[in-house]
Every structure is written in C-alpha cells, then in structure tokens.
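# Here you go, sequence then predicted model.
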Amino acid sequence: MRLWGPRSLGVALGVFMTIGFALQLWGGPFQRRLPGLQLRQPWAPSPRPAVPTCPPRQRLVFLKTHKSGSSSVLSLLHRYGDQRGLRFALPARYQFGYPRLFQASWVKGYHPQGGGTQSPFHILCHHMRFNLKEVLQVMPSDSFFFSIVRDPAALARSAFSYYKSTSSAFRKAPSLAAFLANPRAFYRPGARGDHYARNLLWFDFGLPFPPEMRTKRGYPHLPRDPNPRELHVLPSGTGSRAHTLDPNALFHPAPTTADGHSQTSSPAALDLGSSSFIQWSLAWLDSVFDLVLVAEYFDESLVLLADALCWGLDDVVGFMHNAQAGSEQGGNAVSHGGLTAEDRQLTARARVWNNLDWALYVHFNRSLWTRIKQYGQGRLESAVAELRARREALAKHCLLGGEALDPKYITDRRFRPFQFGSGGGDPGGGGLFRGCSPLLTHGPGPATSGGVTTLPVEEPIVSTDEVIFPLTVSLDRLPPGTPKAKIVVTVWKREVEAPEVRDQGYLRLLQTRFPGETFRGEQSAFKAQVSTLLTLLPPPVLKCRQFTVAGKHLTVLKVLNSSSQEEISIWDIRILPNFNASYLPVMPDGSVLLVDNVCHQSGEVSMGSFCRLPGTSGCFPCPLSALEEHNFLFQLRVGEQPPPGAKEGLEVPLIAVVQWSTPKLPFTQSIYTHYRLPSIRLDRPCFVMTASCESPVRTYERFTVTYTLLNNLQDFLAVRLVWTPEHAQAGKQLCEEDRRAMQAALDSIVCHTPLNNLGFSRKGSALTFSVAFQALRTGLFELSQHMKLKLQFTASVSHPPPEARPLSRKSSPSSPAVRDLVERHQASLGRSQSFSHQQPSRSHLMRSGSVMERRAITPPVASLVGCSLYLPPEKAVLSLDKIAKRECKVLVVEPVK
Ligand SMILES: Nc1ncnc2c1ncn2[C@@H]1O[C@H](COP(=O)(O)OS(=O)(=O)O)[C@@H](OP(=O)(O)O)[C@H]1O
C-alpha cells in the first residue's frame, strides 16, 4: 500500500489506512450443495397409487437413443429393476461396441447357448446401435421393446454441444448455425464420429441408409411438414408390430445397397410421403417396437408406458437427467414456439439435414397421438397431471431446494452431469473447464526513475474555506477475493514542521515509515479522521482447460468479466511456469516478484513456454462487457535441446497472469491478477528425428528428404531408417474409406533407398541423412510417419523378463558393417540389444532389445504418462516418450506443361 501526498503549505498530513474485510467473501452464492437426490425422509407413494390389475412386464428392451431424453428413462428403469432385483444386460466394456451394430457377445455375462448358472436377463437398456438379430440372442422375443425419439432440431442442438469434440464435422464448424448453413463443407460421411452429425436416431435404430441418398446431390428441400406441434392430430398410418418375433425372419426392413451408416449425398429428393424405403423402414420398426416415446411429450409418453407395462404411475415418476446447463426443458422450446427468426431457420435446416430422423420423428409422433386417442385424451390429461403432482412431491422430498441444480453450480465435478461441450462453441467443451483460483491482484507499481518515484503528485485544491488534498491509494496487497476495503484517513496539523520533514519531505517519510510513527506523540495536533468503504471490482474469473490434439499441448483460458455492471479490458494474458512453490510474488519491499524471472534465472523456463495463438484469441485490448467471456488459446512449445542439467518428467506448476483495466479507474492503466493453473508434466523427448525437404515438388521429379537425428538419449550401435509404408494402417481401426485414402497416398510415394544405415550414434550427437523420393501423383504427403527408426544399443544383462519378448524378428542388424560393429561391441561390452521400430499395438510395450517407435508423427511433448520399456536393470529405463519424430510434409503439384 502506498500513499503519495503533497508537502506544500506546511500542513502535516498523516494518512492511516485500514483495510476492512467484509464478511462475505466471494463465492457465497456458490457454496457447495450436493446435487441431485438427497433423501431427507422416506418417499411415500401417493395414497391412491394407480395399481394396475395386470401382471407388470419385466422383460424389457429399451433402445437408448442419443440426446433424446433417454437418460431420464434409463434412470426409471434402473430404479425399477434395482428395487425388484431384476437382472440387467450390461455392456462388458464401454457401451455395446457403439457405433458398431450390437453384438450379443458384448453383453457382460452372456453365454451363447444359455449356458452358465445365471438367470436370464430382464432389462437391456444401454446405448447401442440396434441389431434385432443379436438382441434376440440376449433377450426373449416377447420382451417389451421400446425407445424414444426427439425432434431432430432439438436433438441437433444437443448433439452439437455434446459431441462438438467427438464428431469431426462438428469440430470443424464454428457453430451449429454455420454447420447447418452449409453442412457439406464440414461433413464427410464415414469420418470419425460423423454419425452424430446427421440422422443420429436413424443410425441408432440400426437402420440402413437408403440408396437414394448415395446418388442424389444438391441442397436438400424442406420436408413437407416442419411443424411438429400439429403432428399429433394427424391420423396414424401404421399398424402395430407382430408380437412374436422370429429370430430367423427378416431383420431389416428392405434390401439396400448401403448397409453402413455412410450418407453420401443430399436428401433432396427424399419425399417423406412416397419413399418406399422409408415406409418400409418405419413399418419394420412398428413391427419390432411396442412403443416409441416422444421427448417433447415426455409425460404423456410415460403415462402410456406405465399403462403398456402394467406398472404403477409411481414407477415412472422421476427427474430430468443429462440436461445441458441452461437448457430449457431439454431444448424443447424448438417445438413450443417463442423462437426467433434465426432459431426458426436453424430448426428448419436441422430437420432438412436430418431428413430420415425427421421422418422417424413424424411417424412416431403420429403413432403416439393415435395411442393417446385410444387411451382417451381426457384420461391421459388427468394421468399426466397426477404424474406431475407426484413428481413435484418427490422433488420436495428428494431435492435440496426442491428442484434440480444447474450443473454450473455443482462444484464437485464428480457429481456434475457429464457434458463434453456445454456452451456449444467452446473448443473442446465448456464442461471440462476448471476454475482457477486467483492468487493475487496488484497494480503496476510505481514507475521509478533513478530510484525516485515519478508518479505525478496532484497539487492541493485551495478554495476560500477549504483545502482539498487529492490522494492516490494503491491497494496492492489485498488477499484475493477481498470484496470491500475500508480507507481511514487521519489528519494532523502541525504548527511547526519537524526537522526531518524539512529535510526529506512528507512524501518520503510516508513512503518509508508507517504514518503512526511519524506522528507519534502529536495527538494534540490531531484534527480529523474520515473513512470510506470501497467496493472492489472483482478480478475476471478464469477457467482453464488443458488438452492434447495431434501431439500439441493446448490450453484454453476462458476469461469472464464477472462484474454485472462494469466493462473491463483485457490487455494481456500469459501463462508462466511458477517454481516458487510457496508462491510469494510480493517481496517485503512491496515489489512484485515476477515468476518468470525466477524461472529464467534457474534455467527452467527454457524447458517450455506457452505461446498464445493470436488468430484464435482476438487482439488486445480485448473489451469484455459485463458478464461477457472470451477464450484465449495457448500452445506449449518445448525446445528440442534440453538445457544443460534440465530435469526430465518435470512437474511444472503454472500460473496465469491477466493484465486488465477498467474505464472506471482511468489512472490504473493495468491491474495484474495472478491465478493458479493446474500443473503440467514435461516429458521431453531425448531422441528426436526431424525431417525437411523442398516443397512443392512436381510429380515424377526426384526430391530428397533430409532426416536429422538428435540423440541426447544414449549411445547407439547402429541407427537405421527403413521406409515401411505397409505398416501405416496395421492395427488401427480406420474406416474403409480412410484406409483406402491412406493406401492410395502411400502408393503414390516411391522411396529410392528404403533401407538406410546411418551407423553409430553417440549420445549428444546429431546425424543427418538424405533419402531420395519420387511422387507419382499430386497431393500433400507426410514423410516421417512411415520412416521407421531402428535403433540398436548395448546392454550388459541378458535375461529379459518373460513378458518382454521381441515383437520383431527382423530387428537384428542385417548389414555386414553393422553386424561387425555389433559383434565388436558384444565382445567388448558383453551383449548387444537390437531395437526395431514398428507400430506398437499397445501404448506400453515392454520388450527387450527393440525400441518401438510410436505411431504418432508428433508425439505429445507434454504427456501425463510415460511409456516405459524394459531394459536390463543396470540401464536406466528407456521410455518411448523419450523418442519422437517430427512430421514433414511435401506438396506435390502437376509438372508445368
Ligand atoms: N424429460 C425430458 N424431456 C425432454 N428432454 C429431456 C428430458 N430429460 C432429458 N432431456 C434432454 O435430453 C437430452 C439428453 O438426452 P440423453 O439423456 O438421451 O443423452 S445421452 O445420449 O444419454 O447423452 C438433454 O438435452 P439438452 O439439454 O438439449 O442437451 C436433456 O435436456
């Protein structure tokens, strides 16, 4: 805290400041509350439960479609089954092999011929891509089959937010509106996760895609009736399913040429009324499913479900699950009016793009309302009212505060509903952002010139009956989260100035000494005391998310102006390593110890630095109006050469420093707030292969790629580079199209010398080698990934553990020179180990004598896991994380004609 005041007019002025801390610290409204169900007293069902007279059905197949309200249904089934000890068919691993078609063998405890002593399954209800034939291996054919659909427009909103980082089409699109405006710019059929981006319901129902969709092109037309509100009054056009299913009967609705989920062309010409393919598919679904619920009429659907299953109404009383933060009853506003013109356009486009889902939805919406008519509209309405009343009563009993807590207030992440991407446009999703606590806020500190403070001191304002002394107060060392500060100013008046004041001036005295000391014993000169309570503007709220994409370690910092009234400007934002474990950035003299200085001095900062990626983050100053937020993207850059003595696998604590200002305090150009970030672990590769080549080159023209091997790992007896394009696809689950594309690319590159012996490599050395290539077609090709690295080194112990067997028989040195070298080393050192680099099938490869090179072209430089490799105990463990290849791309263009 500093104070500057004038020394003129011979008036003694003492200023005493007390900082009063208000009781409520930040975060009061964000107190921890246990989300979800907290049973305070036993739930008593209503006095008049609707107990049906028929026996309740307990063999159930629920096709849990995605993003359609299915988790809310699932929770009812879990509760019902758990209470009655029913047996669930659960996935043996994560989901039932989704997105592949369901297989009975993926069910935990499934025995093909009904073998085993276990009782049969009662309920199959988790996510799957429906495959009736296989389902009937697990569940009896007289099970009750049901599912749920949702308006494709609401579903698209939900899916875009949730699968933003999973679907490659969504990932590329800045927003759902941009995606739907031109989906073909982003959507590539068959690409990873792209079934989430189009006709997800159709896909989940296991339906094949119609032949028309493979041939027609152009932008889709609007479907006939994009208004679902009116759908329910339309007569149903379908019959109910045949009740006994024959496992040998037809399992798909119609013969089709497309038995995958590829949807290669536009739905333009798909006329929902006339498409026999769709009619067949829907009729087939009708024959399989006893009931399909509609998310938009969730309660009506539940009443019908309870009726169909002969369950009591209480059995279907539950709460909404898996909603995005801020979602209005699952985004059902889509169907319930109140939409802006843009929303309406987005809705229409979503239904067109998801034309098959729209057909499905229209169909099941109609059949729901046909059933409602059969049930009796009046009877249904009162049952729905009863259901809602019971839900409300249950909520009062079970939920703290009587209602669901918005996920953003659930501070314990373990309880938060899992959402990849709440917030839609977040790169990678808002659900995974972590709050970063502020450590300190400080001002720029006084500018000094030759040790003398140069802050301008304002002259007192003298009027006829008063003198006003402008004071500048710098509140530097307030604990973070301080909401209010009390400033107390005490004024003395001296008749005669003390000699020290004459010598040094008040300003200096007040800066070097506590004011009370200067004026001790001068109580008689006391004139007045004034105080004021200042409300402090809260610093921006910072959240961060760290992730690795294509070997790049990225951090997104989300800066939120948490003030509900004031605008702020962000002037700079940096991520710095902080090796100052106790974090004491303010030195006793009041100056701020910048942590990067500390790191530079200790040499650690050169281990890695975070660079802000400007294109993605906008420019500074970045204005943030009240409650506005902005994302800043950073990439970790790690140097190839470790600084001398640098530690490996270093855990680096990080801080972020945000420089900001507010127009309300024009004299405070910059305020710095420091935040604690999660630390990262730097696993630096010690053996790095880089490659460079001229680019572009022309087809059929010979070009050379220079490979440089930087060895800071250990001595190697022999190093070889082997061009092995055939290994590119091995062991990876590429879809057919990707596999063919990759094969075509590899066939287009000819390496003139596939086997290259580089000779001995000493630790600390760099080897350079040129290899000639030729490209047979145009395109962009990568030349590092398939250049296998074979390393051979010596070790003195000869008994690897049994699990550490070499995977490659080809790993022994083949050239006479290398063999000679090996033999000489064997003679001198005992035994040699040959390390062949191949594509590993597991991330942790434990073998003797063979270093397996990871497939990633650019392995993550900052990784949380180290892959250790077996080496004899005398040697340090050689980790695959210490070996890296950097990618090298060549652009091949047509020769000039
Ligand atoms: N009762 C009810 N009625 C209407 N809508 C509901 C209901 N329960 C959940 N939801 C909304 O459904 C979305 C989650 O769907 P799922 O549970 O099927 O998602 S998941 O595939 O299991 O992740 C999710 O949608 P969004 O919030 O739009 O993402 C939920 O809000």
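Nice, thanks for sending it over.
# Quick check: buried residues in stretch 80-96?
Within stretch 80-96, the residues scored as buried using 16 or more other C-beta atoms under 10 Å are 80-81, 86, 88-91, 96. C-betas here are computed from N, CA, C, even on glycine.
# near the ligand at all, the helix or strand hosting His78?
If you go by DSSP states H and E, His78 is part of helix 70-84. Yes: Helix 70-84 is in contact with the ligand by C-beta under 6 Å from any ligand atom, via 70-72.
# after that helix comes which helix or strand?
Next helix or strand after helix 70-84 toward the C-terminus (DSSP H and E): strand 88-89.
# Which residues does that following strand contact?
78, 81, 107-110, 121-125, 138-139 (C-beta atoms under 8 Å, 6 or more residues apart in numbering).
# any idea how far the closest residue to Ala191 other than its chain neighbours is from the ligand?
Closest residue to Ala191 in three dimensions, ignoring its sequence neighbours and counting by C-beta to C-beta, 6 or more residues apart in numbering: Ser168, at 4.6 Å. To the ligand, Ser168 is 19 Å away according to C-beta to the nearest ligand atom, to the nearest Å.
# and the gap between Thr704 and Ser765?
22 Å (C-beta to C-beta, to the nearest Å).
# nope, Tyr98 is what I meant
Per C-beta to C-beta, Tyr98 is found 50 Å from Ser765.
# what about those two, which has more around it?
Higher neighbour count among Tyr98 and Ser765: Tyr98, with 19 against 13, using other C-beta atoms under 10 Å.
# which residues of the stretch 1-150 of the chain score low on pLDDT?
Applying pLDDT under 70 to the stretch 1-150 of the chain picks out residues 1-52, 114-118.
# Can you give me the domain assignment for the protein?
Domain assignment for the chain by the TED database gives 60-210+275-323+344-398, 432-444+459-483+538-580+607-639+650-682, 486-535, 684-729+736-795+878-896.
# Same list, these, but as JSON lines with distance to Cys54 please.
Formatted as JSON lines, the domains of the chain follow (distance: least, C-beta to C-beta, whole Å):
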{"stretch": "domain 60-210+275-323+344-398", "distance to Cys54": "4"}
{"stretch": "domain 432-444+459-483+538-580+607-639+650-682", "distance to Cys54": "47"}
{"stretch": "domain 486-535", "distance to Cys54": "66"}
{"stretch": "domain 684-729+736-795+878-896", "distance to Cys54": "49"}
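# I figured Tyr675 was touching Ser437, is that so?
Yes: Tyr675 is within contact range of Ser437, at 6.6 Å (criterion: C-beta atoms under 8 Å).
# The two: who's more crowded?
More neighbours surround Tyr675 than the other of Tyr675 and Ser437, with 26 against 12 (other C-beta under 10 Å).
# among the contacts of strand 88-89, which two are most distant?
Largest separation among these by C-beta to C-beta: His78 and Tyr110, giving 19.6 Å.
# Can you pick out the residue with more neighbours from the two?
Ranked by neighbour count (other C-beta under 10 Å), His78 and Tyr110 place Tyr110 first, with 19 against 15.
# residue contacts, that one?
Neighbour list for Tyr110: 89, 104, 137-138 [criterion: C-beta under 8 Å, 6+ apart].
# Can you pull out the low-pLDDT segments for the stretch 301-450 of the chain?
Answering for the stretch 301-450 of the chain: the residues below the bar, that is pLDDT under 70, span 325-339, 400-402, 405-432, 444-450.
# the helices in it, which residues?
Taking DSSP state H, counting those that start in this stretch, the helices of the stretch 301-450 of the chain run over residues 341-353, 355-375, 377-398.
# repeat for the stretch 601-750 of the chain
Counting by DSSP H, counting those that start in this stretch, the helices of the stretch 601-750 of the chain are 614-617, 736-747.
# if you compare these, which one is most tucked away?
Most buried of these, by mean neighbour count (mean count of other C-beta atoms under 10 Å): helix 736-747, with a mean of 14.
# now for that one, which elements pack on it?
Contacting helix 736-747 under the criterion 3 or more C-beta pairs under 8 Å, 6 or more residues apart in numbering; DSSP states H and E is no other helix or strand.
# Using PDB, list the CA coordinates for it.
As requested, the backbone C-alpha atoms of helix 736-747 are provided in PDB (Å, rounded to 0.1, in the frame of the first residue of the first chain):
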ATOM      1  CA  GLU A 736     -12.700 -48.400 -45.100                       C
ATOM      2  CA  GLU A 737     -12.700 -45.100 -46.800                       C
ATOM      3  CA  ASP A 738      -9.800 -43.600 -44.700                       C
ATOM      4  CA  ARG A 739      -7.900 -46.800 -45.200                       C
ATOM      5  CA  ARG A 740      -8.200 -46.700 -48.900                       C
ATOM      6  CA  ALA A 741      -7.300 -43.000 -49.000                       C
ATOM      7  CA  MET A 742      -4.200 -43.600 -46.900                       C
ATOM      8  CA  GLN A 743      -3.200 -46.600 -49.000                       C
ATOM      9  CA  ALA A 744      -3.500 -44.500 -52.200                       C
ATOM     10  CA  ALA A 745      -1.400 -41.800 -50.700                       C
ATOM     11  CA  LEU A 746       1.300 -44.300 -49.700                       C
ATOM     12  CA  ASP A 747       1.300 -46.000 -53.100                       C
END
